[in-house]
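**Q** missing the sequence, but the structure's below:
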């Protein structure tokens, strides 16, 4: 499965790091080269959950980038319900994480035609 392989590689990268500055890109390319559009689309749900639960801003960025790549590999701009439902939380996380993550979320929203600019965080009472 695409999501399982991605999780294995990202955990290896998280625990051991790599001397290869292109490790992440090569790992994602290898995963995507082996999957078809249906498999890529199916993986979006699990990677969304992974991004939602991610505490590290750098790995959060990687997950968002992989979601964008999955959308491209799936050759669709239709987003699964899980991604649509997670957008407000992901945007909030991206805004707290930094400009790079926020730009990635804007790119993700643009790819899947999801509202980014219309999102309003809940008002405190």
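**A** Nice, I can see it. A quick note: this is a predicted structure, and the numbers were derived from the prediction, not measured.

**Q** May I see the buried residues of the helix or strand where residue 85 lies?
**A** Residue 85 belongs to helix 81-97 when assigned by DSSP states H and E. Neighbour-count burial for helix 81-97, with 16 or more other CB atoms under 10 Å as criterion, is recorded at 83, 86, 87, 90, 91, 93, 94, 97. To be clear about C-beta, it is placed using only N, CA and C from the backbone, and glycine gets the same treatment.

**Q** Tell me how far that helix lies from the chain's centre.
**A** Distance of helix 81-97 from the chain centroid (CA atoms, centre = their mean, to the nearest Å) equals 10 Å.

**Q** And for that helix, what's in contact with it?
**A** The contact list for helix 81-97, computed with CB atoms under 8 Å, 6 or more residues apart in numbering, reads 44-45, 48-49, 51-52, 54, 57, 60-61, 64, 67, 101-102, 104-105, 108-109, 112, 114-116, 119, 121.

**Q** Tell me which stretches of this structure form helices.
**A** Counting by DSSP state H, the chain has helices at residues 2-16, 23-33, 37-53, 57-74, 81-97, 99-111.

**Q** helices or strands next to the third one in the packing?
**A** Under the contact criterion of 3 or more CB pairs under 8 Å, 6 or more residues apart in numbering; DSSP states H and E, helix 37-53 touches helix 2-16, helix 57-74, helix 81-97.

**Q** Not counting sequence-adjacent ones, nearest residue to the spatially most central residue of the chain?
**A** In the chain, the C-alpha nearest the mean C-alpha coordinate belongs to residue 64, at 2.4 Å (CA atoms, centre = their mean). Distances taken as CB to CB, 6 or more residues apart in numbering put residue 104 closest to residue 64, at 4.3 Å, once the chain neighbours are dropped.
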